[in-house]
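Asker: the following comprises the amino acid sequence and a computationally predicted model.
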Amino acid sequence: MKLQKIDYSLYLVTDRGLARGRSTLEIVKAAVRGGATCVQLREKACSTLDFIEQALAVKDFLKSKSVPLIINDRVDVALAVEADGVHLGQTDMPLDIARKILGSSMIIGISAESLEDAVQAEKGGADYLGVSPIYATPTKTDTAPPLGLEGLRAIREAVRLPLVGIGSLNRDNAAAVIQNGADGVAVVSAIVSADDPATAACDLFQIIDEARKT
């Protein structure tokens, strides 16, 4: 059964290559301890078996904390581990096909790189949008031009879905993303590469929480 209410406030996207030798599970545990409310497992270079094993370990922990697990790109892996959802980019499996495979029980998030992407994803039945990228990001090389805060505001005015901003977001700009219409902030290196991922997550969560009050 699909989770009815997801807290997208602090959305961790994992990246093993940025973890400074620490395991994905170690990073996830620290991030959740600090306040991460949603976790997307992103694995672009490992085998399917490795991805599934990573996902099962992370899911087991997240389930005990009531934090949803979203799988990046791989609908098959999301199904295999019974994740809470899958996140699809503009060049991944089309939303309508993914929905036929997954049914209504799983969250589907879509990366919106333009206003048109956002509107089409909402019409197609997406559950939330990753507005991407807000700023130019070094963690992905295949991204569209940055939308900036103006682009985020335009998408916020056009759709009613939850919006999660992503793209070089950190403690210096997270507040502005919330104040310009995002429901949550997705981060990669700001937590994954931090000296202390738990403290980094805690700081970001507090910044997001304060931004909602202004």
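Answerer: Here it is on my side, so go on.
Asker: contact partners for residue 199?
Answerer: Going by Cβ atoms under 8 Å, 6 or more residues apart in numbering, residue 199 touches residue 34. In short, each C-beta sits where N, CA and C put it, glycine included.
Asker: that one: what secondary structure?
Answerer: helix (DSSP: H, G, I helix; E, B strand; the rest coil).
Asker: mind checking how far it is from residue 62?
Answerer: Taking Cβ to Cβ, to the nearest Å as the measure, residue 199 falls 20 Å from residue 62.
Asker: next: residue 147.
Answerer: Going from residue 147 to residue 62 by Cβ to Cβ gives 29 Å.
Asker: any chance you could map the helices in this protein?
Answerer: 24-34, 48-65, 75-81, 95-102, 115-124, 148-158, 174-179, 189-192, 197-211 (DSSP state H).
Asker: dump these to JSON lines, plus distance to residue 8 and mean pLDDT.
Answerer: Shown next, in JSON lines, are the helices of the chain (distance: least, Cβ to Cβ, whole Å; pLDDT from 0 to 100):
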{"stretch": "helix 24-34", "distance to residue 8": "14", "mean pLDDT": "98"}
{"stretch": "helix 48-65", "distance to residue 8": "15", "mean pLDDT": "98"}
{"stretch": "helix 75-81", "distance to residue 8": "17", "mean pLDDT": "98"}
{"stretch": "helix 95-102", "distance to residue 8": "18", "mean pLDDT": "97"}
{"stretch": "helix 115-124", "distance to residue 8": "15", "mean pLDDT": "98"}
{"stretch": "helix 148-158", "distance to residue 8": "14", "mean pLDDT": "98"}
{"stretch": "helix 174-179", "distance to residue 8": "11", "mean pLDDT": "98"}
{"stretch": "helix 189-192", "distance to residue 8": "15", "mean pLDDT": "98"}
{"stretch": "helix 197-211", "distance to residue 8": "10", "mean pLDDT": "98"}
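Asker: so who does residue 154 touch?
Answerer: With Cβ under 8 Å, 6+ apart, residue 154 has these contacts: residue 115.
Asker: from residue 115, how far out is it?
Answerer: According to Cβ to Cβ, residue 154 stands 5 Å off from residue 115.
Asker: how about residue 179?
Answerer: Using Cβ to Cβ, residue 179 is found at 19 Å from residue 115.
Asker: leaving out the residues flanking it, which one is nearest to residue 149?
Answerer: residue 180 (4.6 Å; Cβ to Cβ, 6 or more residues apart in numbering).
Asker: while we're on the one you found, how confident is the model there?
Answerer: pLDDT recorded at residue 180 is 98.
Asker: what is the burial count for it?
Answerer: Counted with other Cβ atoms under 10 Å, the neighbours of residue 180 add up to 19.
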